[in-house]
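J.: Pasted the sequence and its predicted model underneath.
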Amino acid sequence: MIDLNKRWWLRAIACAAVASVALVAGCGKEEPKPAAKAAEAAPAPKPDPLKIGFMYVGPVGDAGWTFAHDNARKALEAEFGDKVKTTIVESVPEGPDAERVIRDLADQGHKLIFATSFGYMEQMLKVAETKKEIRFEHATGYKSSENMRTYDSRTYEGAYMAGVIAGAMTKTNTLGVVASIPIPEVIRNINSFTLGAQSVNPKVKTKVVWVNKWFDPPKESEGAQSLLNQGADVLFQNTDSSAVLQTAEKAGKFAFGWDSDMSKFGPTAHLASAVINWAPYYKKATKDMLDNTWQTGGVWWGHKEGVIDLVAVSDKIPEATRKRIDEIKAGLKEGTFTVWKGPIKGQDGKKRLAKDQVADDKFMHDIKWYVQGVEGKVPAGG
């Protein structure tokens, strides 16, 4: 009997021990943790800005050609903000040194490079051949490649409108032009200025002084004074500073601004300014790069595209002449007016365009001769 009771108690103690272990095990079991939330997707890294390089033939403060390019560069930055980053190099001589500057801009990571003067053409073409991943843009040139294209402004439209005013304002029937370098672009502008003047005053003649520089204020002043000494009473220019206008102001004669509004440099002499707005093209070229749609070729824009205009037209100009300028602008915008439309004869009397014949762009780019009414000879190299 005692053995049975003892056995029962031993069994009871064993069961109690097992239950105790089970209870402890159950109490120590961890609750399953909730699944960690999926990490939020990190924002895509911001793309690096498109680096754009500009090479200028003059200083940005020239008040003319380079000033106009740099204003357009600033408009480009305002348009695209932090999507772009621009760099400028001023006063780069045309010739071998230009190649070094272009190559340096390329090596610094600029993917779009603008060379803003005719004399940079061969150097840019050479660098483009070795930098196929970069896009190159050459102003006023005529050579292109798979990664280099050309762009230009129809400055002759502004020159023609200035000529219309000059023909109406001259008292001596003698106009003067301070010219830079004898390339078709400049010769075309001299001729267009003369054609505009002849359209309202067939008696006019145009005298030309070549300074063989784009930007050289002392030489430009000397050239302007020489023309005044020869009887010119209205001056025009295809140079980059305001020196011609300032010379006319001192002499009590008339003149025009060129490439940008120069009216402040000679408020009494100033008749109007033929200006270039490069911003529409610079915005287009940049958008092409950002959209990956850039293609080679050539672009030549004028008043129709908002690149050329005649601004700050003086109140001294007769109302009929001002109205004629408005008509020309409207015609250029609508495509109903053409500056180079025959009959047009060369200085030698040879017919260059027959009656009602309109010059095509190839004809325009090959002009190396003067129209009737321009005195002197085109210098060698023209």
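T.: In hand now; what should we look at? Residues are numbered from 1 along each chain as shown.

J.: Next up, the contacts around Arg135.
T.: By CB atoms under 8 Å, 6 or more residues apart in numbering, the contact list for Arg135 reads Lys111, Leu112, Ile113, Asn147, Met148, Arg149, Met289, Trp294. The C-beta positions use only the backbone N, C-alpha and C, and glycine is treated the same way.

J.: Before we move on, what's the pLDDT of it?
T.: Arg135 is assigned 98 on the pLDDT scale.

J.: Equivalent analysis for Ala16, please.
T.: Here the pLDDT value assigned to Ala16 is 44.

J.: what are the ranges of the helices in the stretch 251-382 of the chain?
T.: All helices of the stretch 251-382 of the chain, identified by DSSP state H, counting those that start in this stretch, fall at 279-290, 319-334, 361-365.

J.: Deepest-packed of those helices, please.
T.: Highest mean neighbour count of the helices of the stretch 251-382 of the chain: helix 279-290, a mean of 18 (counted as mean count of other CB atoms under 10 Å).

J.: what does that helix rub up against?
T.: Under the criterion CB under 8 Å, 6+ apart, residues 50, 52, 71-73, 75-76, 79-80, 83-84, 111-112, 114, 135, 137, 151, 293-295, 299, 301, 305-307 lie in contact with helix 279-290.

J.: thinking again about what came up before, can you lay out the helices of the stretch 251-382 of the chain as a markdown table showing mean pLDDT and distance to Val244?
T.: Shown next, in a markdown table, are the helices of the stretch 251-382 of the chain (pLDDT from 0 to 100; distance: least, CB to CB, whole Å):
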| stretch | mean pLDDT | distance to Val244 |
| --- | --- | --- |
| helix 279-290 | 98 | 25 |
| helix 319-334 | 98 | 21 |
| helix 361-365 | 96 | 25 |
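
J.: which residues does the residue nearest to Ser273 when sequence neighbours are not counted contact?
T.: Of all residues not flanking Ser273 in the chain, Gly257 sits nearest, at 3.0 Å (CB to CB, 6 or more residues apart in numbering). Shown in contact with Gly257 (CB under 8 Å, 6+ apart): Gly64, Ser242, Leu245, Ser263, Phe265, His270, Ala272, Ser273, Ala274, Val275, Ala312.

J.: In strands, which of these fall?
T.: By the criterion of DSSP state E, membership of the contacts of Gly257 in strands covers His270, Ala272, Ser273, Ala274, Val275.
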